[in-house]
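Novice: have a look at this fold, sequence not included:
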């Protein structure tokens, strides 16, 4: 399922999630405005309903892009089950689960809208209030699991969204503009305190020249009568995430050729070179990145079931 480590895919996943959240905010605010006794006077009601409906379709489209691109990306590998069943994913389990619940509730609401004419109006109207729950879950999901959640620009977008929904909701309950403004400001304060406090995100190094990590991988052997190929591929998880692959071409009495590749995640930067020393359970390698910097890599592991292994990786400037 994880077909790429391209940074384009990673950026697309984040951008789609942010776009879906902002559109959802607009849809929720528009829905509360339409439900009031005094909807926007300059717009005919049918036009508001069409904008509201089309906005909902856009939200669903961007959520689909968000989920698919996350499924394809290898930076934070999610299984299909982890993407559709809450509390299965190991990455920030609670906040990821809230995102899944929000997406699935939104799908259920889309179905009720599709069959609105066949459902009792009272049921449809009460179910429609779940949009507020979807928006709330999406807000907490973004603040708790988004890798951009502590950046000023995203914090400003989320704060503006919270202010808009809380302010519109307060006006919907026919409170004064002063009260609505106070509620909106209080919501913004909560967002800022959470994002800069308990939910603050500290990113991992980007293309770190020196790091240690744990590795999990597999050894594959294809040995013939005159020569053989032994390959080791693993995922490194630590201060810097990475993918490594080492290939050894064996002759009957000596090592004929070697190759090594270290791919930094999520940037996709490649460090390519050769294995310089082979041990019983590990190897030493040297590689070079496009800017000319050289890295010394040491990997050691213990074999597990079948051809799998777990161990440690050390990368240092050479």
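Specialist: In hand now; what should we look at? Everything numeric here is computed off the predicted structure, so don't read it as measured data.
Novice: strands of this protein, start to end?
Specialist: Using DSSP state E, the strands of the chain run over 211-223, 228-238, 242-250, 255-264, 270-279, 282-288, 294-303, 308-317.
Novice: what would the ones you listed look like in TSV with mean neighbour count and mean pLDDT?
Specialist: In this view, the C-beta of every residue, glycine as well, is placed from N, C-alpha and C. As requested, these are exported to TSV (neighbours: other Cβ atoms under 10 Å; pLDDT from 0 to 100):
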stretch	mean neighbour count	mean pLDDT
strand 211-223	16	89
strand 228-238	18	89
strand 242-250	20	91
strand 255-264	18	90
strand 270-279	16	93
strand 282-288	19	95
strand 294-303	18	94
strand 308-317	17	95
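Novice: tabulate those strands in CSV, adding columns for distance to residue 164.
Specialist: CSV is the format used below for those (distance: least, Cβ to Cβ, whole Å):
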stretch, distance to residue 164
strand 211-223, 41
strand 228-238, 38
strand 242-250, 41
strand 255-264, 38
strand 270-279, 43
strand 282-288, 50
strand 294-303, 48
strand 308-317, 46
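Novice: for those strands, which one sits closest to residue 142?
Specialist: Residue 142 lies closest to strand 228-238 among the strands of the chain, at 23.7 Å (Cβ to Cβ).
Novice: contacts for that closest one?
Specialist: When contacts are defined by Cβ atoms under 8 Å, 6 or more residues apart in numbering, strand 228-238 is touched by residues 74, 77, 211-223, 241-250, 283, 299, 301, 309, 313.
Novice: pLDDT weak spots in the stretch 1-150 of the chain?
Specialist: Residue ranges of the stretch 1-150 of the chain with pLDDT under 70: 1-7, 35-48, 74-77.
Novice: about what we covered before: between the strands of the chain, which gets nearest to residue 160?
Specialist: Across these, residue 160 has its closest neighbour in strand 255-264 (33.9 Å, Cβ to Cβ).
Novice: and the angle from that closest one to strand 308-317?
Specialist: 80 degrees (axes from the mean of the first three to the mean of the last three Cα atoms, to 10 degrees).
Novice: in its sheet, which strands sit next to strand 255-264, and in what direction?
Specialist: Strand pairing for strand 255-264, determined by DSSP bridges: strand 242-250 (antiparallel), strand 270-279 (antiparallel).
Novice: could you redo these as CSV and give each row distance to residue 184?
Specialist: Formatted as CSV, those follow (distance: least, Cβ to Cβ, whole Å):
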stretch, distance to residue 184
strand 242-250, 44
strand 270-279, 48
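Novice: and the helices in the stretch 51-200 of the chain, which stretches?
Specialist: For the stretch 51-200 of the chain, the helices defined by DSSP state H, counting those that start in this stretch occupy 80-84, 93-114, 121-128, 130-145, 152-172, 177-196.
Novice: most packed of those helices?
Specialist: Compared across the helices of the stretch 51-200 of the chain, helix 130-145 shows the largest average neighbour count, a mean of 20 (mean count of other Cβ atoms under 10 Å).
Novice: does anything pack onto that helix? Which helices or strands?
Specialist: Using 3 or more Cβ pairs under 8 Å, 6 or more residues apart in numbering; DSSP states H and E, the elements in contact with helix 130-145 are helix 7-35, helix 93-114, helix 152-172, helix 177-196.
Novice: looking at those, spot the one closest to residue 259.
Specialist: Of these, the one closest to residue 259 (Cβ to Cβ) turns out to be helix 7-35, at 23.6 Å.
Novice: okay, buried residues for the closest one please.
Specialist: Burial within helix 7-35, assessed by neighbour count using 16 or more other Cβ atoms under 10 Å, is assigned to 7, 9-10, 12-14, 16-34.
Novice: give me the residue at the spatial middle of the chain.
Specialist: Centroid check for the chain by Cα atoms, centre = their mean gives residue 70 as the closest residue, at 5.6 Å.
Novice: how close does that residue get to residue 216?
Specialist: Residue 70 is 20 Å from residue 216, where distance means Cβ to Cβ, to the nearest Å.
Novice: before we move on, what about residue 8?
Specialist: Remark: distance between residue 8 and residue 216 (Cβ to Cβ) = 26 Å.
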